[in-house]
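Enquirer: I need the structure of the sequence given here:
(chains A and B)
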Amino acid sequence: MELLIKNGYVYDPINEINGEKMDIAVKDGKIVESVSSDAKVIDATNMLVMPGGVDIHSHIAGSKVNSGRILRPEDHYKDVKPRTAITRAEVGHTVPSTYTIGYRYARLGYTTVIEAASPPLKTRHTHEELNDIPLIDKSCYLVLDNNWIVLDYLSQGEIDKCAAFIGWIFKALKGYAIKIVNPGGVELWGWGKNVESLDDQVPPFDITPREIIRGLCKINKMLNLPHTIHLHTNNLGKPGNYRTTIETMDTVSDLADGKPNIHITHVQFCGYGGDSWITLRSGAPEIAKYVNNHNHVTIDLGQVVFGDATTMTGDGPFQFILQNLTGNKWKNADVEAEGSAGIVPYKYKRKNFVNAVQWTIGLELALLIKDPWRVFLTTDHPNAGTFMKYPRVITWLMSKVAREKVLNKINKRAKKRSTLPSIDREYTFYEIAIITRAATAKALNLANKGHLGVGADADIAIYNINPMEIDPSKEYKKVRRALKRAAYTIKGGEIIVKDGEIVKSFIGETFWVKPAIPEDLEKDMLREVSEKFKEYYTVSLENYIIGENELASSKPIAVKTNL
Amino acid sequence: MGEITLKPKVTFKVPIIAETITPDNFAGKPIEEIEKLEMWEGNRKTTLGDLFEAAGSSGEAPADTKIIIEGDVRKVRRIGYKMTDGQILIKGSVGMYLGEKMEGGKIIVEGDADSWVGAGMKGGQIEIKGNAGDYVGAPYRGDTKGMKKGTIIIHGNAGNEVGCWMRGGTIIVKGNAGLFPGIHMKKGTILVEGDCAGRCGAMMKGGKIAILGYVPSVLPSFTFEEIKKSFKVKGEKIKGPFYLFTGDLNENGAGKLYVSTEKNKHLQFYEKYLE
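Expert: Here you go, the predicted model:
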């Protein structure tokens, strides 16, 4: 099928196209130089054309998400949409059903989304759900930092074998990157404890969080994985934790070679200053200063949006603290030999001092970090708000007036302590295209995503606003409305959304990395691992492995390693 | 005052979602327009006129509109949804979610009511002459916003979890109540004039519960305070004497539980803690 998108204002930061009026030709799911005269023409005159959005961190699939659904029936009956001829019934708000997730991302113009944390043992469940999410391309990060076998190898200094094991796990479980969640702390949570600094010992393994992070960062490089390590810090959600965050970034600074080698995720949750909840302040200026001066770090925001949220993370001890603070219903779970998880429903309130400070932190980070290529837009869906609120966050970044309107409604003490009112920066459409698509695709090293150059996947979002005429700092409501419902979303050369409604539904690809590991090293490692497996796990190694046939639409990415 | 009478055309076999039957929706509308109001019969969209025979005329405002439903509507749910004023009289038994999120006005049921009477109610009055099902005044599953204001009077018996997540208002059960009255309760008053199946006030944080009849036991997470002579509901004094307990201590709660001493001789052992 051929498509020609005519006369749109194109924003394609990877190819340095900044609002140029041009045509885009699509053939067989790829972007091409030109098409024949039979091509279907989409008139994008006076419209905004961008590559399809790429979400780098969102909890969309897996046992944790599903537990959230079960925990929150009230989240479901308040947000219901009947089925249509093309779509199935939609249900759920902060933890929507699998189908709903696909449809709603597509309506926003997003076409690639990565599930942010899947413990290896639960990854079969993750893939079962990813298989059901329509329209978008997806993948998942594997939580590997509190894995007993990894910790065993790291503490014994057998980094080659550890790399071989992790490489094998990507092949066996079809994941995309190494996720680190409260390294050491989650393991200690199994003993009712947590770590408080990067140099605390994790007794059963005689290792520290710092050693885990450095070890995995080196392995990431040895395996030549497309994404960096994706890290959820220690001390998350505690006042004063911005210091831990900066220390964490700094601990791998000597391993960098000019390119980013660590991604700190949802920094809003680990950017708190002060010593207690009463003296809480934003630690964003300090973190932004560090990021501005060091190019080995990328971050995403985890921006708070006021309203309903469901916090869910692999950080079990943090969820315990949150439950103690809120008294809400909750779940906490242990994944044998691999980690933990917790879920607590939460509501962010404007008048609540802590929530209001949290809200300012995310925006300060985005506005104070100068290089948009290293700060990405997320709400850590559904932890700080649903992904459906991305247009709202975008307008806060694009318009000082929109920010001030909220600032006048939030807790007064929080407003007084924030530096946000003094920041005048407003994002342009070009920069928005960077933080939502181009930079995330680049950070994930997805060569065919996040841009509209020839050869790229034809994932395109078209919004019904004229970027040449509109003044987003004043008419932010118009921008928000347009971004909420894409005029067209094109996925793999097919029109899937028209005027904010789904017009076609199919299942997108699940991509995963397939590192090449030297055969004898893999054999050696597997012999040891299969022994450990019998000791550590209640499942057998054979049942642990996920076959490629279990993925609805598998797309392996072969990786040459330095092993 | 305008009166509108609704009569079911047939015996309903599948659930009917009738959140449009409220004085607010009927007020100021001619009968033809009322008949066009939307309803769901099972998974099929239909209109009020298809299911009910409507007669009479409505008042100008909700306040002077009275809806009378004659016949069996125990399959009909959500009558009086979010109503703010006026009256609904049901001469028979009614289905689930009667007066859900109601804000004002009055509903009288001459027969029985199913579960979730006055779910998340915010004001007004509901009177059930017969029995009520479970979750009187409770929010729907998973939610934590129960009844906030208003009064529910049940002349017969009520099921389990009366006043679950209650935040205010008054519930009076003249008959017996099932298990867990006042579970998760934060504020408000529950009076059970008959017996209670037990576990009163589990996880309550505040508010008052009084049981005038027999209670098998009081939860161990409640502490015995004293013997009180009387208990007040909406300014009316109810004579005891009562054993007064506070709890639920598992939740650091300060709810008050009054249990009749006369009907509960088996709780006499608490009196030794008085000295």
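Enquirer: near chain B, which residues of chain A are found?
Expert: A:71-75, A:77, A:327 (C-beta under 8 Å from any C-beta of the partner chain). In short, each C-beta sits where N, CA and C put it, glycine included.
Enquirer: cutoff 6 Å now
Expert: A:72-74 (C-beta under 6 Å from any C-beta of the partner chain).
Enquirer: can you map out the strands along the stretch 151-300 of chain A?
Expert: For the stretch 151-300 of chain A, the strands defined by DSSP state E, counting those that start in this stretch occupy A:177-181, A:229-232, A:262-264, A:272-273, A:281-282, A:297-300.
Enquirer: tell me which residues in stretch A:389-402 are buried?
Expert: Using 16 or more other C-beta atoms under 10 Å in any protein chain shown as the test for burial, stretch A:389-402 gives A:389-400, A:402.
Enquirer: B:V117 touches B:A138, doesn't it?
Expert: No: with contacts counted by C-beta atoms under 6 Å, B:V117 stays clear of B:A138, the gap being 9.2 Å.
Enquirer: so for the two, which sits in the more crowded spot?
Expert: Each of B:V117 and B:A138 has its neighbours counted (other C-beta atoms under 10 Å in any protein chain shown); B:V117 has more, 31 against 27.
Enquirer: and that one, what does it touch?
Expert: Neighbouring residues of B:V117 by C-beta atoms under 6 Å, 6 or more residues apart in numbering or on different chains: B:98, B:132, B:136.
Enquirer: helix/strand/coil for the last one?
Expert: Reducing the assignment to helix, strand or coil with DSSP: H, G, I helix; E, B strand; the rest coil, the entry for B:V136 is coil.
Enquirer: what of A:S340?
Expert: Applying three-state DSSP: A:S340 is strand.
Enquirer: cool, A:L563 as well?
Expert: Secondary structure, three-state DSSP: A:L563 is coil.
Enquirer: now for it, how many residues are close by?
Expert: So A:L563, with other C-beta under 10 Å, has 17 neighbours.
Enquirer: same thing with A:N324?
Expert: 10.
Enquirer: got the phi and psi for it?
Expert: When read as degrees, to the nearest 10, the backbone of A:N324 gives phi -60, psi -30.
Enquirer: got it, and A:G29?
Expert: phi 80, psi 0.
Enquirer: my guess is it meets A:G492, correct?
Expert: Yes: the criterion here is C-beta under 6 Å, and A:G29 meets it with A:G492 at 4.3 Å.
Enquirer: out of the two, which sits in the busier spot?
Expert: Using other C-beta under 10 Å, the more surrounded residue of A:G29 and A:G492 is A:G492, with 20 against 16.
Enquirer: the more buried one contacts A:D28, correct?
Expert: No: in this structure A:G492 lies outside contact range of A:D28 using C-beta under 6 Å: 9.2 Å.
Enquirer: follow-up on the earlier one: from the contacts of B:V117, which is closest to B:I17?
Expert: B:L98 (12.7 Å; C-beta to C-beta).
Enquirer: for that closest one, what are its contacts?
Expert: B:79, B:113, B:117.
Enquirer: how far does stretch B:176-184 sit from its chain's centre?
Expert: 12 Å (C-alpha atoms, centre = their mean, to the nearest Å).
Enquirer: sorry, wrong one. I was asking about stretch A:448-463.
Expert: Computed by C-alpha atoms, centre = their mean, the separation of stretch A:448-463 from the middle of its chain amounts to 20 Å.
Enquirer: do stretch B:85-95 as well
Expert: On C-alpha atoms, centre = their mean, the centre of stretch B:85-95 falls 13 Å from that of its chain.
Enquirer: again, but for stretch A:100-109
Expert: The answer for stretch A:100-109 is 15 Å, by C-alpha atoms, centre = their mean.
Enquirer: cool, stretch A:399-406 as well?
Expert: 26 Å.
Enquirer: which residues of the stretch 1-150 of chain B lie near chain A?
Expert: B:141-143.
Enquirer: which of those residues are buried?
Expert: The neighbour count (16+ other C-beta under 10 Å) marks B:142-143 as buried among these.
Enquirer: and of the residues of the stretch 1-150 of chain B next to chain A, the nearest to B:G156?
Expert: The nearest member of the residues of the stretch 1-150 of chain B next to chain A to B:G156, counting by C-beta to C-beta, is B:R141 at 24.6 Å.
Enquirer: quick one, phi psi at the residue nearest to that closest one when sequence neighbours are not counted?
Expert: Nearest residue to B:R141, sequence neighbours excluded (C-beta to C-beta, 6 or more residues apart in numbering or on different chains): A:P73, at 4.5 Å. When read as degrees, to the nearest 10, the backbone of A:P73 gives phi -60, psi -30.
Enquirer: output the buried residues of stretch A:389-402 in TSV; the columns should cover pLDDT and secondary structure.
Expert: Shown next, in TSV, are the buried residues of stretch A:389-402 (pLDDT from 0 to 100; DSSP: H, G, I helix; E, B strand; the rest coil):
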residue	pLDDT	secondary structure
A:K389	94	helix
A:Y390	95	helix
A:P391	95	helix
A:R392	95	helix
A:V393	95	helix
A:I394	95	helix
A:T395	95	helix
A:W396	95	helix
A:L397	94	helix
A:M398	94	helix
A:S399	93	coil
A:K400	93	helix
A:A402	93	helix
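Enquirer: out of the residues you listed, who's nearest chain B?
Expert: Nearest to chain B out of the buried residues of stretch A:389-402 is A:K389 (C-beta to the nearest C-beta; 21.5 Å).
Enquirer: show me the contacts for the closest one.
Expert: With C-beta under 6 Å, 6+ apart, A:K389 has these contacts: A:V305.
Enquirer: spit out the residues that contact B:V117 and B:A138 alike.
Expert: With the criterion set as C-beta under 6 Å, 6+ apart, the contacts of B:V117 and B:A138 do not overlap.
Enquirer: picking that back up, so which of the residues of chain A next to chain B is the most crowded?
Expert: A:R72 (23 neighbours).
Enquirer: OK, contacts around residue 188?
Expert: Picking chain A for this. A:194, A:202.
Enquirer: sorry, I should have been clearer: chain B.
Expert: B:166, B:168-169, B:207.
Enquirer: and with 8 Å instead?
Expert: B:147, B:163, B:166-171, B:207-208 (C-beta atoms under 8 Å, 6 or more residues apart in numbering or on different chains).
Enquirer: so it sits in a strand?
Expert: Yes: when classified by three-state DSSP, B:G188 is found to be part of a strand.
Enquirer: how deep is the nearest residue to A:I133 once chain neighbours are set aside tucked in, by neighbour count?
Expert: Sequence neighbours aside, A:G102 is the residue nearest to A:I133 in space, at 4.4 Å (criterion: C-beta to C-beta, 6+ apart). A:G102: 29 surrounding residues under other C-beta under 10 Å.
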